[in-house]
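Chemist: predicted coordinates and the sequence they were generated for:
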Amino acid sequence: MAATENAGNIATDETGSITESRTRLLVLLGLLYFTQGLPIGLSMEALPVLMRQSGASMDMIALVPLAGLPWILKLFWAPMVDNHWSEAIGRRKSWILPMQAIVMASLAALAFMPLHDTGLWFAFAILVAGSLASATQDTASDGLAAEQLRGAGLAHANALQVGGLMAGFMVGGGGVLMVADMLGQAGTFLVLAVFPLLSLLVGANWREPSSIAVARQARLKETFRRRGIYLLLLMAFVYGGAHAGGLSVTKVFLVDAGWSNYETGTIATLSGLVLVLAGCPLGSVMTARNRWLTMAVGIFLAAVSFVLWGLIAWGAMTIGWLSVAVALGILSVASGLIAVSAATIIMAFGGSGQQAGTDVTVLQSANITGEMVIAGLVVWAAGRFGYAETFGAAALLLVLAILFVVLAARSFSNKH
């Protein structure tokens, strides 16, 4: 079927009042975003450890994070998600339901797949299939949110997106490692498979609002013809840098400072909880009022965090649990504000066009690429110039980024 534009979104109010239809949609989106984080946590944290315990070589383990490549490359098939669906099922449900079924089947298959010898390659292929399905479903989910929600509803959806992905990552990563010895491989992965099953059932019982056809089909090149796209691409590339770069370099810093793996892992887990339980809800409330101001406040707080890390690295502050928790806690709250506001800006941009899934996916791919690049650059800079100097430079760049936010806000205010 040709691409469509929604006949009328289900929650266009700016007051933040919760309607029953919007509540059901937000519940579904929360479950979908959570399950999307499971394969990422598995590939980045849990599966490499489980494979190593089964005797896998370091060369093989090094390939596992490549299972996340679909999240970068998904922009190339995003137009297909926008353009083809079953009218009887629904534009977005036509993709969400089968992709969730594949994620569930992938997790269930990993329960019985040997993580050694030739079984490793089959396990890797299954993980790639699950990641591919999860990334594809993300395009449909983001398109659904961008088309159906406005105002406060869009801010709530993006709080669920950021918090849900992080929660899924934590469960699929550290959570799996915490219960693997007790439940065993089969029990652990079968429990994980329950989550996509739950979202599959909720999605199957949710009625998607009808759409009306429009003449133009989604095309990737159309995204790059939209006004403001290159400004948003730059924003998408850099906005996750504070979180990704901060987490990567601070973990290495703590290890070099003599912290144990347990201590470093504990503080990282607490940081994730602060982001999910404090940063995202606060970001949702603030973003509903002013998206660009929320981003500016988040960037300022991230700069404050890096100043504290610089003082710790310089020796002006004691490197203890309190100082580290405060510095990392501020960074986590800042990351929540930045991520929710930026994701809302991106979704609002996608929802204002006629190919929301494709437009949002292009910008998200830029964000993921930027996080990977910036995280590596920050660690490289710390090794080359020192931790204190790197933290100080990061704080200065973040202050300059506030100016970019001000200019971008004015630009979009004039364009829209």
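Modeler: Yep, that arrived.

Chemist: ok, Gln53 to Ile72 distance?
Modeler: Going from Gln53 to Ile72 by CB to CB, to the nearest Å gives 29 Å. Where C-beta positions appear, they are placed from N, C-alpha and C, glycine not excepted.

Chemist: more neighbours, these two?
Modeler: Counting neighbours by other CB atoms under 10 Å for Gln53 and for Ile72 shows that Ile72 has the greater number, 16 against 13.

Chemist: tell me the bridge partners for the residue nearest to Arg207 when sequence neighbours are not counted.
Modeler: Sequence neighbours aside, Gly90 is the residue nearest to Arg207 in space, at 7.8 Å (criterion: CB to CB, 6 or more residues apart in numbering). Beta bridges link Gly90 to Ser86 when assigned by DSSP bridges.

Chemist: what's the pLDDT at Gly90?
Modeler: The model reports Gly90 with a pLDDT of 88.

Chemist: looks like it contacts Glu208 (just checking).
Modeler: Yes: Gly90 lies in contact with Glu208 (CB atoms under 8 Å); the separation is 3.3 Å.

Chemist: for Ile126, what are its contacts?
Modeler: Contact analysis of Ile126 by CB atoms under 8 Å, 6 or more residues apart in numbering lists 106, 109-110, 113.

Chemist: now with 10 Å?
Modeler: Going by CB atoms under 10 Å, 6 or more residues apart in numbering, Ile126 touches 67, 105-110, 113.

Chemist: turn those residues into a markdown table, including secondary structure, distance to Ala342 and pLDDT.
Modeler: Shown next, in a markdown table, are the contacts of Ile126 (DSSP: H, G, I helix; E, B strand; the rest coil; distance: CB to CB, whole Å; pLDDT from 0 to 100):
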| residue | secondary structure | distance to Ala342 | pLDDT |
| --- | --- | --- | --- |
| Ala67 | helix | 25 | 84 |
| Ala105 | helix | 33 | 96 |
| Ser106 | helix | 29 | 95 |
| Leu107 | helix | 30 | 94 |
| Ala108 | helix | 35 | 95 |
| Ala109 | helix | 35 | 95 |
| Leu110 | helix | 33 | 92 |
| Met113 | coil | 37 | 88 |
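
Chemist: now those as a markdown table including neighbour count?
Modeler: Shown next, in a markdown table, are the contacts of Ile126 (neighbours: other CB atoms under 10 Å):
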| residue | neighbour count |
| --- | --- |
| Ala67 | 23 |
| Ala105 | 17 |
| Ser106 | 28 |
| Leu107 | 27 |
| Ala108 | 19 |
| Ala109 | 18 |
| Leu110 | 25 |
| Met113 | 20 |
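
Chemist: now, the most widely separated pair of those?
Modeler: Of all pairs drawn from these, the one with the longest distance (CB to CB) is Ala67 and Ala108, at 17.0 Å.

Chemist: and the residue of the chain most remote from its centre, what element?
Modeler: Here the chain reaches farthest from its C-alpha mean at Ala316, the gap being 34.4 Å by CA atoms, centre = their mean. For Ala316, there is no enclosing helix or strand under DSSP states H and E.

Chemist: how far off centre is the host helix or strand of Ala167?
Modeler: According to DSSP H and E, Ala167 maps onto helix 152-170. Averaging C-alpha positions (CA atoms, centre = their mean, to the nearest Å) puts helix 152-170 8 Å from its chain's average.

Chemist: and for stretch 273-280?
Modeler: Taking mean C-alpha positions (CA atoms, centre = their mean), stretch 273-280 and its chain are 14 Å apart.
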